[in-house]
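*Asks:* The sequence isn't on hand, but the structure is:
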């Protein structure tokens with residue numbers, strides 16, 4: 001499993017919005033500039049996030065996007081599953097996978113199921129609010 005730029009950028013966009021939205025909508029152009037990501041590419045990511053209920057959009061003057069809920073209510077896992085489609089380490093564990101004819105004698109299936117569980121549990125432990133926390137390793141060095 002490798003997280004695509006789509007998933008990584010979605011997380012960056014949501015962190016940015018959470019940090020800058022207050023009560024207003026954040027223009028996509030501003031996010032694109034701050035994050036140094038093409039506005040055109042962000043449009044497709046934001047469309048997925050709106051469709052998934054993560055963002056709310058407003059057109060016209062004063063328009064833009066904002067989180068539909070507080071950042072503490074969005075897990076990293078839920079965002080990546082929305083943008084990536086699947087986090088399964090093997091095809092047979094994907095949601096709509098065709099039944100495997102070897103499932104009853106597959107000696108590696110427990111391994112892949114365990115890995116899938118670890119991945120999902122780990123990513124679901126973190127929220128967008130957690131990612132907003134600034135932690136600079138190395139700044140705590142004391143002589």
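*Replies:* Alright, I've got the coordinates. Keep in mind the model is a prediction, meaning the values are calculated, not measured.

*Asks:* contacts, neighbours, all on C-alpha from now
*Replies:* Noted.

*Asks:* got the buried residues for stretch 37-44?
*Replies:* Within stretch 37-44, the residues scored as buried using 16 or more other C-alpha atoms under 10 Å are 39, 42.

*Asks:* got the contact list for it?
*Replies:* 9, 28-29, 32 (C-alpha atoms under 8 Å, 6 or more residues apart in numbering).

*Asks:* and of these, the nearest to residue 55?
*Replies:* Using C-alpha to C-alpha, residue 28 comes nearest to residue 55 of the contacts of stretch 37-44, at 11.9 Å.

*Asks:* wait, what's in contact with the residue nearest the centre of the chain?
*Replies:* In the chain, the residue lying closest to the centroid (C-alpha atoms, centre = their mean) is residue 79, at 3.2 Å. By C-alpha under 8 Å, 6+ apart, the contact set of residue 79 is 7, 10-11.

*Asks:* Pull the distance from the strand or helix carrying it to the chain's centre.
*Replies:* Assigned by DSSP states H and E, residue 79 falls within helix 76-84. In terms of C-alpha atoms, centre = their mean, to the nearest Å, the centre of helix 76-84 is set 4 Å apart from its chain centre.

*Asks:* Buried residues in that helix, which are they?
*Replies:* Residues 76-80, 82-84 are the ones in helix 76-84 that count as buried (16+ other C-alpha under 10 Å).

*Asks:* need the next SSE after it, C-terminal direction.
*Replies:* Using DSSP H and E, the helix or strand that follows helix 76-84 towards the C-terminus is helix 109-124.

*Asks:* and residue 98, what does it touch?
*Replies:* residue 92.

*Asks:* quick one, phi psi at it?
*Replies:* phi -70, psi 140 (degrees, to the nearest 10).

*Asks:* Could you report the separation of it from residue 32?
*Replies:* Separation of residue 98 from residue 32 (C-alpha to C-alpha, to the nearest Å): 39 Å.

*Asks:* Residue 56 too?
*Replies:* 17 Å.

*Asks:* which other residues reach stretch 53-61?
*Replies:* Here stretch 53-61 has contacts from 25, 46, 49-50, 63-69, 74, using C-alpha under 8 Å, 6+ apart.

*Asks:* Dump these into JSON lines; add neighbour count as well.
*Replies:* Putting those into JSON lines (neighbours: other C-alpha atoms under 10 Å) gives the following:
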{"residue": "25", "neighbour count": "19"}
{"residue": "46", "neighbour count": "22"}
{"residue": "49", "neighbour count": "20"}
{"residue": "50", "neighbour count": "16"}
{"residue": "63", "neighbour count": "14"}
{"residue": "64", "neighbour count": "20"}
{"residue": "65", "neighbour count": "21"}
{"residue": "66", "neighbour count": "25"}
{"residue": "67", "neighbour count": "22"}
{"residue": "68", "neighbour count": "15"}
{"residue": "69", "neighbour count": "13"}
{"residue": "74", "neighbour count": "20"}
